[in-house]
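J.: quick one, what's the 3D model for this:
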Amino acid sequence: MSQKTTARQLESAFGPLEIRVLDALWARGVPSCVRDLQPRFPGVAYTTLMTTLDRLFRKGTLSRDKSGRAFYYQPRASQQELISELAGSTFATLLPADAASVRPILSMFVDTVVERDQALLDDLEALVKARRDEMKGRPVK
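T.: Prediction:
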């Protein structure tokens, strides 16, 4: 997935600097403090980077541990996991409570999947089948 595509998928929940910070943390792959990240952000003040990391921590996107006087941050999820979580929560907010209103939204979703890539429709069908298989034997809520 290209960096532009990833950034576009994260824009609904994060600002441009937050996305750059997340990208830097994913690229490093180890817990990092402000001083570790600062060389990747020329022209961005130390305090701005520190505030951005703290904001991402408060949003629940990063975890942090204190070592000495510094906080070390790392993403709580991989890039793909975070995008999936955001997509899931967005989709959940779109689904109305009553079943009759859900059908047009699901139809639109399927149409969009087909427009992107018809093979994705097969993937969607396999996911639905797998979920149904999981649900067999479980009590109905």
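J.: show me where the chain has strands.
T.: 62-67, 70-75 (DSSP state E).
J.: switch those strands over to a markdown table; also include distance to residue 43.
T.: Every residue, glycine included, has its C-beta placed from N, CA and C. Converted to a markdown table, the strands of the chain look like this (distance: least, CB to CB, whole Å):
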| stretch | distance to residue 43 |
| --- | --- |
| strand 62-67 | 22 |
| strand 70-75 | 21 |
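J.: endpoints of stretch 61-73, how far apart?
T.: 10 Å (CA to CA, to the nearest Å).
J.: same deal with stretch 59-77?
T.: 13 Å.
J.: same check on stretch 33-43?
T.: 17 Å.
J.: next, give phi and psi for residue 117.
T.: Main-chain dihedrals, residue 117, degrees, to the nearest 10: phi -170, psi 120.
J.: just residue 44 next, same as before
T.: Dihedral angles for residue 44 - degrees, to the nearest 10 - are phi -100, psi 120.
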